[in-house]
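Visitor: Output the structure for:
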Amino acid sequence: MNRNIERRVRRAKKTRMKLRTLNMPRLSVHISLQHIYAQVLTPDGSKVLAVASTLDKEIKTLLEKTGVNLKTAAVIGEHIAKRAITAGIKKIGFDRSGFKYHGRVKALADAARENGLDF
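Guide: Presented below is the predicted three-dimensional model:
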């Protein structure tokens, strides 16, 4: 495995162990070169409660171009917040999956906070 991927996986494990002790739903984020995925999981991680990604037809129509940028991340953050609130979840833990908290990850988190999620 690539050294950078190993570091990201190690950071992800530490974050997930901390969130497990908090016993609250978590917002998990994954960013690839072309897409952003966000999902809200139960505290034990066994069930997905809400999902938003750039592959959703509803979200694809809102985006101007393909690819991942700050605007795309903000749209995903807004949609995941709305879907989590409709599922009855307001307070969550943020699982950034080992990605550093800047750029697209930060834009997604800020948009989710602005739309009603508390973490």
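
Visitor: I'd like to know how many residues surround Gly93.
Guide: By the criterion of other Cβ atoms under 10 Å, Gly93 has 20 neighbours. Yep, even glycine has a C-beta here, placed from its N, CA and C like the rest.

Visitor: Show me what it bridges to in the sheet.
Guide: For Gly93, the beta-bridge partners under DSSP bridges are Arg26.

Visitor: tell me the contacts of it?
Guide: Counting by Cβ atoms under 8 Å, 6 or more residues apart in numbering, Gly93 makes contact with Leu19, Leu22, Met24, Pro25, Arg26, Leu27, Phe119.

Visitor: now swap in Val75 and tell me
Guide: Applying Cβ under 8 Å, 6+ apart, we find Val75 in contact with Ile59, Leu62, Leu63, Ala111.

Visitor: With pLDDT and neighbour count as extra columns, can I get these in JSON lines?
Guide: Below are the contacts of Val75 laid out as JSON lines (pLDDT from 0 to 100; neighbours: other Cβ atoms under 10 Å):
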{"residue": "Ile59", "pLDDT": "90", "neighbour count": "17"}
{"residue": "Leu62", "pLDDT": "84", "neighbour count": "13"}
{"residue": "Leu63", "pLDDT": "85", "neighbour count": "15"}
{"residue": "Ala111", "pLDDT": "97", "neighbour count": "21"}
